[in-house]
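K.L.:
A predicted structure for the sequence below; I have some questions about it.
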Amino acid sequence: MTAVRYRPLIATTRYAIPAHDPVCPGEDNGDVDWIAVERTLNREHPQVSLNRDEQRAAALVLTRSGWGKRRISEFLSLYERLIEEWQADAGLLLPNRLCTADGCDRARSGRGLCTRHLQERRVTEKKKQCDHQDQRRRYSEKGRNR
């Protein structure tokens, strides 16, 4: 029979994460406790809970350190979509990952558009579809009444 060895809880991985000054230069970073962010990034115990500004700061520090959004998502327990939005706001996304609508610099969601423009497009398509169905129904009723 094979022996099963369990990994002790103290054998956690520590990542070398370089410190960055401001997350977004020239921008107010809100209510960020940088010590809490650093403790979270280094997985120091006891773990602290981060507010939304601190989560954003930690995600952007990890992005600049070369981490992917999936790995950041798992590390900070956040949605990948939210991390991508923060990266777009900070100017860290490539132009091909941004919305194709004129003047919009948000992260692309589907069909080359951000979530807001995609939702607007779906609503207009649905209205057109409903209008077309109404016209067909009126035309068929008109033919029956003759």
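P.N.:
Received the coordinates, thanks. Residues are numbered from 1 along each chain as shown.

K.L.:
which strands or helices does the longest helix that the chain contains pack on?
P.N.:
Selection of the longest helix in the chain by residue count, based on DSSP state H, yields helix 115-144. Counting contacts by 3 or more Cβ pairs under 8 Å, 6 or more residues apart in numbering; DSSP states H and E, helix 115-144 packs against no other helix or strand. Quick note: C-beta positions are derived from backbone N, CA and C, even for glycine.

K.L.:
pull the distance from that helix to the chain's centre.
P.N.:
32 Å (Cα atoms, centre = their mean, to the nearest Å).

K.L.:
tell me which residues of it come out buried.
P.N.:
Buried residues in helix 115-144, counted by 16 or more other Cβ atoms under 10 Å: H117, L118.

K.L.:
pLDDT weak spots in the chain?
P.N.:
1-30, 143-146 (pLDDT under 70).

K.L.:
so where do the helices sit in it?
P.N.:
Counting by DSSP H, the chain has these helices, from start to end: 34-41, 52-64, 69-76, 80-89, 115-144.

K.L.:
for those helices, which one sits closest to A101?
P.N.:
Among the helices of the chain, helix 115-144 comes nearest to A101, with 4.6 Å by Cβ to Cβ.

K.L.:
flag every buried residue along stretch 88-103.
P.N.:
Applying a neighbour-count criterion of 16+ other Cβ under 10 Å, the buried positions in stretch 88-103 are A88, D89, A90, L93, L98, C99, A101.

K.L.:
mind putting those into JSON lines with distance to G68?
P.N.:
Formatted as JSON lines, the buried residues of stretch 88-103 follow (distance: Cβ to Cβ, whole Å):
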{"residue": "A88", "distance to G68": "15"}
{"residue": "D89", "distance to G68": "18"}
{"residue": "A90", "distance to G68": "16"}
{"residue": "L93", "distance to G68": "13"}
{"residue": "L98", "distance to G68": "18"}
{"residue": "C99", "distance to G68": "21"}
{"residue": "A101", "distance to G68": "26"}
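
K.L.:
show residues contacting stretch 111-121.
P.N.:
The set of residues that contact stretch 111-121 without belonging to it, under Cβ atoms under 8 Å, 6 or more residues apart in numbering, is L98, C99, T100, A101, C104, R106, A107, R108, S109, G110.
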